[in-house]
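Participant: Just a sequence and a predicted model for now, questions to come.
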Amino acid sequence: MGWTEPKNCFVPICEIIAVEETEFNKKQRNIGRWQKMAKLHAFTVHYVKKARNHRWRCSDATFWSVDEHLCNQWTQALKELLEMQKSRPKQLLVYINPYGGKRQGKRIYEQKVAPLFSLASISTDVVITEHANHAKDNLFEVNIYKYDGVVCVGGDGMFSEVMHGLIGRMQKDSGIDQNNPKASLVQCNIRIGIIPAGSTDCICYSTVGISDPVTSALHIIVGDCQPLDVSSVHHNNTFLKYSVSLLGYGFYGDILKDSEKKRWMGPMRYDYSGFKTFLSHHYYEGTIAYQPAKHTHGSPRDQESCRTGCYICKQSGKQLAEQNKERGLKHEEGEEEWKVIKGKFLAINAVNMSCACPRSPKGLSPAAHLADGSADLILVRKCSRFDFLRYLVRHTNQDDQFDFPFVDVYRVKCFQFTSKLSEDNESNVMDIGKKRFGQFCRDHPACCCNIVNSTWNCDGETLDSSAIEVRVHCQLIKLFARGIEEDCKDEAAHSQSSIEQLL
Ligand SMILES: Nc1ncnc2c1ncn2[C@@H]1O[C@H](COP(=O)(O)OP(=O)(O)OP(=O)(O)O)[C@@H](O)[C@H]1O
Ligand SMILES: CCCCCCCCCCCCC/C=C/[C@@H](O)[C@H](CO)NC(=O)CCCCC
Ligand SMILES: [Ca+2]
């Protein structure tokens, strides 16, 4: 048996995309004269080739032989091995947002992703969304149980829609009331795949290590599975939203609110609104109460970050399984102490994951875990514009963004926030003087103290409530991903030898 390039290559079965019989083109390779006389039989193995920076590509090798039986035996054996990969999806439901990011979702799917799904014999039902909430509403109507996964082509907002549809549908089918902030939600085992075609694509970047449609399509094909924590957001026993990446008040809420008016600018809107919001330098007064995440290991100041096969996330998964077994026997919540912090904040950010994205490759909280049942609560207190700029710049370099006296970070399992304005309104609803929204502090006209509330940025969607209750639900959903892989040693060695060659 012979084969085409690459000369030597080790491919585990779990990274084979497909095996197919092929017509061997004799002109392809220099083969012996005797072989040119005989009829050649061939099969091609398509496999995942790992490139730099967590990028995956589809590569192939063609094997040929004059022995037809031998060729068939190999093809058959490899196909049987692929059949045994039970975590691979066979049928997917795909939602494409044609207006996300640079409006390339449909083209990206048709040109880069659909051919790979078809090569891997995955059948798909594709819905091109016609309006916001189309995907979410549709997930309450279709028979979701016939699919092995739901794929969204778009950005974080589109992912959020699909997640709300799936979690909401699961709770509805199980008779769980989402309005109860204390309810134990039912886990969603239908995995979600993200083909990045948005403006930030933070969820994809933080779970795969790169925002690249082909890489994500290949993670779906090989059937990866990454559990993910989800935070529920409630106000007065009313369910508002779920969040997996950033739940941000102040700076990121204001950026989002301003940028929504500039959607026509595409991803650039965030740079424009970011600059504008930075200059406005508004801070907001309020109270935060949180319960520390005592039962998880690690801290937001850890040097190590969450990577494929993360030990901390695995332990949390085990704890969760035990809790589910014992459910109803004991309920520890409520007994633990609440910590209360009052102050004036430029930003209040709660993140369930690092929130790494191309704008900030290490993210808002570099040591946050994808599936540990906790969120990192970052409080940025009132400081000078210069100090706030220093803080922001550290999101783009190796320096520690938590090493400032005006920044605090806590690992929490739940928290509540009430803005000063809403506290005041509650204590004296008739005090009309304090209800004048859109004005600055009367006592200090130039102090940037804003008596108007900010909005919450919930995974890129605005949320107007200024009093919220947030709870992290450990590993509520699953993605077609495996977390960010450790830097491959071979890659490092390869770059070393390239450098040596250059020298
Ligand atoms: N056909 C549609 N027309 C208008 N809006 C849509 C449509 N389909 C989905 N949407 C909405 O568009 C919003 C934004 O989409 P998406 O997240 O894909 O892109 P983005 O906002 O540019 O990227 P990111 O969220 O990564 O910043 C989503 O909240 C979604 O609800
Ligand atoms: C002088 C240079 C300073 C540079 C500072 C860069 C800091 C960037 C941190 C980016 C953190 C993104 C967090 C993710 C949020 C997403 O859920 C959300 C929806 O996609 N995106 C935004 O809100 C978009 C948020 C865009 C912020 C610019
Ligand atoms: Ca987490």
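Facilitator: Received it, and whenever you're ready, just let me know what you need. Ligands and ions are numbered 1, 2, ... in the order given.
Participant: so where is the stretch 1-150 of the chain shaky, pLDDT-wise?
Facilitator: Across the stretch 1-150 of the chain, the ranges flagged by pLDDT under 70 are 1-7, 25-37.
Participant: can you list the residues of it near ligand 1?
Facilitator: 97-101, 129-134 (C-beta under 6 Å from any ligand atom). Backbone N, C-alpha and C define where each C-beta goes, glycine included.
Participant: Which among those count as buried?
Facilitator: Listed as buried from these are 97-101, 129, 134; burial here means 16 or more other C-beta atoms under 10 Å.
Participant: coming back round to it: inside helices: which ones of the residues of the stretch 1-150 of the chain next to ligand 1?
Facilitator: Taking DSSP state H as the definition of helices, these contribute residue 134.
Participant: Bridged to residue 289, which residues?
Facilitator: On the basis of DSSP bridges, residue 289 is bridged to residue 340, residue 416.
Participant: whoops, residue 243 was the one
Facilitator: Assigned bridge partners for residue 243, using DSSP bridges, are residue 231.
Participant: re the thing from before, Serialize the residues of the stretch 1-150 of the chain next to ligand 1 to CSV and add fields for distance to residue 385.
Facilitator: Formatted as CSV, those follow (distance: C-beta to C-beta, whole Å):
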residue, distance to residue 385
97, 36
98, 39
99, 35
100, 32
101, 30
129, 40
130, 43
131, 40
132, 35
133, 38
134, 41
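Participant: quick revisit: identify, from the buried ones among the residues of the stretch 1-150 of the chain next to ligand 1, the entry nearest to residue 390.
Facilitator: Ranked by distance to residue 390 (C-beta to C-beta), these are led by residue 101 at 30.0 Å.
Participant: quick one: that closest one and residue 153 touch, right?
Facilitator: No - Residue 101 lies out of contact with residue 153 (C-beta atoms under 8 Å); the separation is 10.0 Å.
Participant: who touches both of the two?
Facilitator: Shared contacts of residue 101 and residue 153 (C-beta atoms under 8 Å, 6 or more residues apart in numbering): residue 197.
Participant: For ligand 2, tell me whether the longest helix anywhere in the chain is touching it.
Facilitator: Longest among the helix segments of the chain by residue count, using DSSP H, is helix 156-174. Yes - against ligand 2, helix 156-174 shows contacts by C-beta under 6 Å from any ligand atom at residue 156.
Participant: can you count the residues close to the residue nearest to residue 320 when sequence neighbours are not counted?
Facilitator: Nearest residue to residue 320 in three dimensions, chain neighbours excluded: residue 474, at 4.9 Å (C-beta to C-beta, 6 or more residues apart in numbering). Neighbours of residue 474 under the rule other C-beta atoms under 10 Å: 23.
Participant: how about the helix or strand hosting residue 474 as CSV, C-alpha atoms only?
Facilitator: Assessed by DSSP states H and E, residue 474 sits inside strand 467-479. The C-alpha coordinates for strand 467-479 follow below in CSV (Å, rounded to 0.1, in the frame of the first residue of the first chain):
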residue,chain,number,x,y,z
ALA,A,467,-32.0,46.0,41.0
ILE,A,468,-31.0,42.4,40.1
GLU,A,469,-30.4,39.1,41.7
VAL,A,470,-27.9,36.8,40.0
ARG,A,471,-27.1,33.1,40.6
VAL,A,472,-24.6,30.9,38.9
HIS,A,473,-25.9,27.5,37.7
CYS,A,474,-23.0,25.1,37.5
GLN,A,475,-22.6,23.4,34.1
LEU,A,476,-26.2,24.1,33.0
ILE,A,477,-25.4,23.9,29.3
LYS,A,478,-22.9,22.1,27.0
LEU,A,479,-21.0,23.4,24.0
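Participant: and that strand, what does it pack onto?
Facilitator: Under the contact criterion of 3 or more C-beta pairs under 8 Å, 6 or more residues apart in numbering; DSSP states H and E, strand 467-479 touches helix 156-174, strand 191-196, strand 226-235, helix 311-325, strand 407-419.
Participant: 6 Å instead?
Facilitator: strand 226-235, helix 311-325, strand 407-419 (3 or more C-beta pairs under 6 Å, 6 or more residues apart in numbering; DSSP states H and E).
Participant: Show me which residues of the protein sit near ligand 1.
Facilitator: 97-101, 129-134, 154-158, 161, 198-201, 460-461.
Participant: Identify the residues contacting residue 187.
Facilitator: residue 476 (C-beta atoms under 6 Å, 6 or more residues apart in numbering).
Participant: State the three-state secondary structure for residue 42.
Facilitator: Under DSSP: H, G, I helix; E, B strand; the rest coil, residue 42 falls in the strand class.
Participant: right, and it touches residue 21 too?
Facilitator: No - under the criterion of C-beta atoms under 6 Å, residue 42 makes no contact with residue 21, lying 7.3 Å away.
Participant: Between those two, which has more neighbouring residues?
Facilitator: Shown here are residue 42 and residue 21; by other C-beta under 10 Å, residue 42 has more neighbours (21 against 12).
Participant: So what sits opposite that one in the bridge?
Facilitator: residue 22, residue 64.
Participant: how far away is the closest residue to ligand 1 within the stretch 401-503 of the chain from residue 143?
Facilitator: Residue of the stretch 401-503 of the chain nearest ligand 1, by C-beta to the nearest ligand atom: residue 460 (3.9 Å). Computed as C-beta to C-beta, to the nearest Å, the residue 460 to residue 143 distance reads 29 Å.
Participant: Helix or strand: which one has the nearest residue to residue 251 once chain neighbours are set aside?
Facilitator: Leaving aside its sequence neighbours, residue 251 sits nearest to residue 347 (C-beta to C-beta, 6+ apart; 3.9 Å). If you go by DSSP H and E, residue 347 is part of strand 339-351.
Participant: in that strand, what's buried?
Facilitator: Within strand 339-351, the residues that count as buried by 16+ other C-beta under 10 Å are 341, 343-351.
Participant: Which ones among those residues also lie next to ligand 2?
Facilitator: Residues of those in contact with ligand 2 (C-beta under 6 Å from any ligand atom): none.
Participant: what residue ranges in the stretch 401-503 of the chain score low on pLDDT?
Facilitator: Residue ranges of the stretch 401-503 of the chain with pLDDT under 70: 426-451, 488-503.
Participant: Indicate the residue of it located nearest to ligand 2.
Facilitator: For the stretch 401-503 of the chain, C-beta to the nearest ligand atom, closest residue to ligand 2: residue 460, 2.5 Å.
Participant: Understood, closing this out.
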